[in-house]
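**Q** following is a predicted model, sequence given first.
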Amino acid sequence: MPEDRSKSAVHSSPELPANHDNEGGGSSREADHSGFESADTVVVHGDREAGVFDPELAPPVHMSVTWSARDAGEFAGMATGVRPQRFYTRYGNPTHERTARLIARLEGGESALMTASGMGAVSSVLLGLLGAGNRVVAQTSHYMGSTQWFTELLPRFGVQVERVDQADTAALVAAIGRGAKLAMLETPSNPTMAITDLRAVAEAARASGTITVADNTFATPLNQQPLALGIDVVVHSATKYLGGHHDLIAGVVVSRAEILERIWRGTIALGATLGAFDAWLLLRGLRTLALRVERANDNAMRVARFLDAHPGVEAVHYPGLESHPQHALARTQMRGYGGVLSVRIVGNYADTARFVSRLRRFTHAVSLGGVESLAVHAAAMVAGTLDDEQMRAAGIAPNLVRLACGIESGEDLVADLDQALRA
Ligand SMILES: *Cc1c(COP(=O)(O)O)cnc(C)c1O
């Protein structure tokens with residue numbers, strides 16, 4: 001990415017720089033995430049208020065739930081306005097604000113709102129922006145909790161949902177053109193790491209006045225910045241890469257202040273309030289985000305290449321591989337391809353269950369984005385919630401395993417997969 005990128009480039013240009021030659025997994029060092037400093041620096045300093053000297057290196061945790069007023073006049077002013085930071089913590093909290101400021105800068109957004117979980121973020125967006133009679137376009141493949149909104153909850157509240165295969169850009173664009181209030185996107189998405197063309201969708205949505213929302217959890221702002229591609233709202237499960245240690249649940253919404261104000265009204269009614277200490281833990285985790293994502297990108301690429309060449313493997317789904325059907329598209333909107341991939345091993349459900357049980361370095365657990373590498377037998381995870389037909393529709397084969405690479409040695413991860421496949 002060019003060195004001379006101007007301060008406003010992130011907001012004014014819908015295009016990412018042309019540099020996507022990131023076969024090694026991608027480097028965050030070239031990305032200008034805040035408009036004036038690289039992401040590596042933003043994660044360390046980006047929570048500080050510009051122009052304010054604060055001698056404390058470690059941020060404080062504001063545990064107070066309520067704030068006192070000196071007199072009636074001050075009290076009358078405390079609850080007014082949007083997202084007061086010193087009134088009552090469900091409305092806002094200075095520790096939330098600090099963490100939100102850093103994430104907004106990383107995503108190149110105007111403002112951010114912390115929530116109690118990734119689903120708290122998704123739910124706040126949908127509650128804040130939608131009403132009965134609205135039409136929504138969503139993908140056929142979403143995180144399970146989001147899917148529940150589209151199949152169950154929104155229809156119950158009189159919102160019509162049209163679900164479209166995210167890889168079919170023409171179908172997505174056409175569905176948005178039929179007058180959608182909101183389009184929900186998620187890229188890459190589980191389990192086949194399918195990619196949504198964010199630029200094309202953003203352009204179509206601008207023409208029809210549709211608000212676009214992208215779940216950027218798998219990519220992280222280090223690898224992909226949807227707002228710079230013209231998307232209106234970004235949501236994250238901060239439980240994953242942003243926190244990075246499998247020790248907190250949190251979510252975040254990033255957008256323009258005007259949109260965020262409407263979403264915030266949904267959040268305070270929903271009550272998806274992040275605990276102040278978890279906001280602080282998240283800020284602590286964010287300090288190493290750039291280092292962790294760089295390593296996870298490299299590990300996933302290495303693991304993907306190893307598995308791709310292994311005779312015990314039927315297929316590997318990773319957008320960084322040339323064999324991924326949307327690799328060319330991924331290259332135009334991602335700087336690195338993330339730490340998550342999925343693999344279909346040669347064998348049936350029982351063989352796959354044995355393979356996952358034999359893994360020693362990959363821990364057998366759900367979730368992703370933490371320092372530890374995790375493996376999940378996808379069909380076993382959804383058994384009981386999806387029937388065979390729904391599993392097939394969601395692309396979940398009985399021999400599919402999701403691997404979320406952590407920050408261990410890539411060599412050790414490959415050796416672990418090798419021994420499990422050999423046995
Ligand atoms: C985990 C996840 C969520 C939900 O986040 P929680 O923090 O568990 O509520 C949403 N979207 C994606 C892509 C996720 O991986």
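**A** Thanks, I have it.
**Q** OK, contacts around whichever residue of the chain sits closest to the ligand?
**A** Nearest to the ligand, among the residues of the chain, is residue 118, at 2.2 Å (Cβ to the nearest ligand atom). For the C-beta atoms, the positions are set from N, CA and C on the backbone; glycine is no exception. Residue 118 is in contact with 143, 145, 215, 217, 235-240, 249-251, counting by Cβ atoms under 8 Å, 6 or more residues apart in numbering.
**Q** which of the residues you listed are close to the ligand?
**A** 143, 145, 215, 217, 237, 239, 240, 249, 251 (Cβ under 6 Å from any ligand atom).
**Q** quick check: phi and psi at the last one.
**A** Per-residue torsions, residue 251: phi -140, psi 170 (degrees, to the nearest 10).
**Q** count of residues packed around residue 228?
**A** Residue 228: 26 surrounding residues under other Cβ atoms under 10 Å.
**Q** go on, residue 42?
**A** So residue 42, with other Cβ under 10 Å, has 28 neighbours.
**Q** can I take it that it is in a helix?
**A** Yes. Per DSSP: H, G, I helix; E, B strand; the rest coil, residue 42 lies within a helix segment.
**Q** looks like it contacts residue 101 (just checking).
**A** No. In this structure residue 42 lies outside contact range of residue 101 using Cβ atoms under 8 Å: 10.1 Å.
**Q** surely residue 241 forms part of a helix?
**A** No. Read with three-state DSSP, residue 241 is coil and lies in no helix.
**Q** give me the secondary structure label for the residue nearest to it when sequence neighbours are not counted.
**A** Nearest non-adjacent residue to residue 241, counting by Cβ to Cβ, 6 or more residues apart in numbering: residue 369, 3.8 Å away. Under three-state DSSP, residue 369 falls in the coil class.
**Q** next one, pLDDT for residue 369 please.
**A** Confidence at residue 369, expressed as pLDDT, is 98.
**Q** can you check residue 396 too?
**A** pLDDT, read off for residue 396, is 82.
**Q** so it is in which element?
**A** Taking DSSP states H and E as the definition, one finds residue 396 inside no helix or strand.
**Q** and it, how many residues sit next to it?
**A** With other Cβ under 10 Å as criterion, residue 396 counts 22.
**Q** list the residues that contact it.
**A** Neighbouring residues of residue 396 by Cβ under 8 Å, 6+ apart: 191, 378, 379, 382, 386.
**Q** pretty sure the last one sits against residue 394.
**A** Same thing as residue 386. Yes. The criterion here is Cβ under 8 Å, and residue 386 meets it with residue 394 at 6.6 Å.
**Q** now do the same for the residue lying closest to residue 157 once chain neighbours are set aside: its pLDDT.
**A** Nearest non-adjacent residue to residue 157, counting by Cβ to Cβ, 6+ apart: residue 132, 6.2 Å away. pLDDT, residue 132: 97.
**Q** now do the same for residue 35: its pLDDT.
**A** 52.
**Q** hmm, I was thinking of residue 385
**A** With respect to pLDDT, residue 385 has a value of 78.
**Q** what's the burial count for residue 411?
**A** Using other Cβ under 10 Å, residue 411 has 10 other residues around it.
**Q** ok, it to residue 372 distance?
**A** 16 Å (Cβ to Cβ, to the nearest Å).
**Q** for the nearest residue to residue 254 once chain neighbours are set aside, grab the count of nearby residues.
**A** In this structure, residue 254 finds its nearest non-sequential neighbour in residue 109, 3.9 Å apart by Cβ to Cβ, 6+ apart. Look at residue 109: counted by other Cβ under 10 Å, it has 28 neighbours.
**Q** hang on, residue 109 in a strand?
**A** No. Assigned with three-state DSSP, residue 109 falls outside any strand and is coil.
**Q** for it, give me phi and psi.
**A** Torsion angles, degrees, to the nearest 10, at residue 109: phi -110, psi 170.
**Q** surely it meets residue 234?
**A** Yes. At 6.7 Å, residue 109 counts as touching residue 234 under the criterion of Cβ under 8 Å.
**Q** overlap of the contact sets of the two?
**A** In contact with both residue 109 and residue 234: 227, 254, 255, using Cβ under 8 Å, 6+ apart.
**Q** so who does the last one touch?
**A** Contacts for residue 255 (Cβ under 8 Å, 6+ apart) come out as 109, 110, 111, 112, 227, 232, 233, 234, 263.
**Q** is it correct that the third one is in contact with residue 258?
**A** Pointing back at residue 111 there. No. Judged on Cβ under 8 Å, residue 111 makes no contact with residue 258 at a distance of 9.4 Å.
**Q** residue 399 is in contact with residue 351, correct?
**A** Yes. At 7.0 Å, residue 351 counts as touching residue 399 under the criterion of Cβ under 8 Å.
**Q** more neighbours, these two?
**A** The residue with more neighbours, out of residue 351 and residue 399, is residue 399; 22 against 14, by other Cβ under 10 Å.
**Q** give me the phi and psi angles of the more buried one.
**A** According to degrees, to the nearest 10, residue 399 has phi -110, psi 20.
**Q** so the residue nearest to residue 219 when sequence neighbours are not counted, which of the three states?
**A** Leaving out its chain neighbours, the residue that sits closest to residue 219 by Cβ to Cβ, 6+ apart is residue 338, at 5.5 Å. Per three-state DSSP, the secondary structure class of residue 338 is coil.
**Q** next up, phi/psi of residue 338, please.
**A** Per degrees, to the nearest 10, the backbone of residue 338 is at phi 90, psi 180.
**Q** quick check: residues of the stretch 201-350 of the chain near the ligand?
**A** Counting by Cβ under 6 Å from any ligand atom, the stretch 201-350 of the chain sits next to the ligand at 215, 217, 218, 237, 239, 240, 249, 251.
**Q** so where's the chain shaky on pLDDT?
**A** 1-36 (pLDDT under 70).
**Q** can you do 90?
**A** 1-37, 50, 76-84, 190-191, 378-379, 381-396, 423 (pLDDT under 90).
**Q** outline the domain layout of it.
**A** If you go by automatic domain parsing, the domain ranges for the chain are 39-286, 289-422.
**Q** got the contact list for the residue nearest to residue 219?
**A** 188, 218, 219, 220, 223, 293, 296, 297, 300, 319.
**Q** please identify which of these is nearest to residue 83.
**A** The shortest approach to residue 83 among the contacts of residue 338 belongs to residue 220, at 24.6 Å (Cβ to Cβ).
**Q** fine by me, we can end here.
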